[in-house]
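Chemist: Fold the following.
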Amino acid sequence: MLLSDYLIWGLFLTLLALLIWGMRYPHWRRPCRQVMASHPGAAAAIILFFYILIGLLDSVHFQTESLLDRLIQPLGKQNEQTYSAPFANHLFVQSVIALPSGEKIRGYPPLIYTHGNFLNIILRVIVGIMTGIVIGSIFLLGFLCIYSHKTSKKGRAILLEIIQGKTFIAWNVIIATFFICWIIVAVCALLAGHYHILGTDKIGRDVFYQTIKSIRTGLIIGTLTTLFTLPFALLLGTFAGYFRGWVDDIIQYFYTTLSSIPGVLLISASVLVLQVYMANHAADYPTIAQRADIRLLALCFILAITGWASLCRFLRGETLKIRELEFVQAAQTLGVNKITIILRHIIPNVFHIVLITLVLDFSVLVLAEVVLSYVGVGVDPTTLSWGNMINSSRLELAREPIVWWPLLAALIAMFGLVLAANLFADAVRDAFDPYLRMES
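Modeler: The predicted structure is shown next:
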């Protein structure tokens, strides 16, 4: 297991425990239900669930392979010689072909790992759709049994309420999105083992495999960076707003100076320093996977150092307002310790800003990895990521004929994650912002 595996699983289990704990209290349970009552938010939550599931499966490593690799075998090992278009039977570029007679001609060699024709593709798509419907129906049946036992209603009546949209939570959107996602998974699973459904790259690697494996990198950049950001922003922001005076002046000077430095310049310098350090201490990182993992975690930490200032500024402003409210003044009059006031009264009342900001910043961080990898200061070149895929596509777009599918595959996968994250962030903002709740 890599260090990032422990961190991503620890973060997931911590968030899951916090969610279970928060659902015990009405003031947390109510906004959570409101998030799932929003149609865009509910659909985005299901899409994010599938992305997170893939990322978690890819974060359980056995030596050089992950659990995801073992589940999707032989995908990832079916390498060709060079480029091939999606669902093609031959290579994309011409080369010398040796005929059985011994004669050599120039043409398009057939692919090693591809089978069948157009009718076979249609058949596998139909079987995949049916398989996805069956899997979704099994989950739906289990859900109806649990819901029926909990509400003492018949399954048919519950299903009719869901279809008509009479439930508070948008179960109709959730179930429809769940079915669609399982159909897509089933179709891709039946096709990927027999075709290169998104083609291959310059050295013959399957692009669909690279796209799936890049999900883990995007999730790590988006989640672990927020984990590193939170302590700086939360503590410094609340301390500056509550203590004011010279404490506020020092913290303001610190994050104002940091914000004045161009982010790309600071990140580039930090990554270059890290590369020099790892080159001088190569014995501490014996494998390529460990070196790539350390650089990935270092990039998350660097992005956190350069990105906590905006959240700190928001928390400082909100703390300045909350410290003047009656319940905080009463605690001060009763002689409650200042640190206790911050922990028990300030932080719980600014936590909605923390939650909203972190969810909104997730998609920004995913896009930041793409930009940094594009300019050459992102993750390690051996790490599969959408940024590296887009970066390698620059030269592919300049060749004739154009190799367009690696760029398109990375953009589609990244678009799905970023769009779902933005829709979910909007639903979280509407549900957890107390001012919006009062207006509604």
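Chemist: who's in contact with Val264?
Modeler: By C-beta atoms under 8 Å, 6 or more residues apart in numbering, the contact list for Val264 reads 372, 375, 377. From N, CA and C alone the C-beta is placed, and that goes for glycine too.
Chemist: Just the buried residues from the residues you listed, in ChimeraX please.
Modeler: A single ChimeraX command selects the buried members of these (16 or more other C-beta atoms under 10 Å):
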select :372,377
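Chemist: Tabulate the contacts of Val264 (a markdown table), appending secondary structure and pLDDT.
Modeler: Output for the contacts of Val264, formatted as a markdown table (DSSP: H, G, I helix; E, B strand; the rest coil; pLDDT from 0 to 100):
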| residue | secondary structure | pLDDT |
| --- | --- | --- |
| Leu372 | helix | 80 |
| Val375 | coil | 72 |
| Val377 | coil | 74 |
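Chemist: What is the nearest of the contacts of Val264 to Gly335?
Modeler: Distances from Gly335 to the contacts of Val264, taken as C-beta to C-beta, are shortest for Leu372 (49.7 Å).
Chemist: Tell me how many other residues surround the residue nearest to the closest one when sequence neighbours are not counted.
Modeler: Closest residue to Leu372 apart from its sequence neighbours, by C-beta to C-beta, 6 or more residues apart in numbering: Gly378 at 3.7 Å. Counted with other C-beta atoms under 10 Å, the neighbours of Gly378 add up to 25.
Chemist: Val366 now?
Modeler: For Val366, using other C-beta under 10 Å, the count is 23.
Chemist: name the element it belongs to?
Modeler: Applying DSSP states H and E as the criterion places Val366 in helix 347-374.
Chemist: Please name the residues that touch the spatially closest residue to Arg323 that is not a sequence neighbour.
Modeler: Once flanking residues are discounted, Arg323 sits nearest to Tyr242: 5.4 Å by C-beta to C-beta, 6+ apart. Neighbouring residues of Tyr242 by C-beta under 8 Å, 6+ apart: 319, 323, 338, 341-342, 346.
Chemist: in the stretch 1-150 of the chain, what spans have low per-residue confidence?
Modeler: Flagging of the stretch 1-150 of the chain using pLDDT under 70 yields the residue ranges 115-116.
Chemist: let's go with 90 and repeat that
Modeler: 1-39, 41, 58-122, 124, 136-137, 139-150 (pLDDT under 90).
Chemist: Shouldn't the residue nearest to Leu372 be within a strand?
Modeler: No. Using DSSP: H, G, I helix; E, B strand; the rest coil, the assignment for Gly378 is coil, not a strand.
Chemist: so it makes contact with Trp386?
Modeler: No. Gly378 is not in contact with Trp386 according to C-beta atoms under 8 Å; the separation is 10.1 Å.
Chemist: Mutual contacts of these two, please.
Modeler: 369-370.
Chemist: on that earlier part again, tell me how far the helix holding Val366 is from the chain's mean position?
Modeler: Relative to its chain's centre, helix 347-374 lies at 11 Å (C-alpha atoms, centre = their mean, to the nearest Å).
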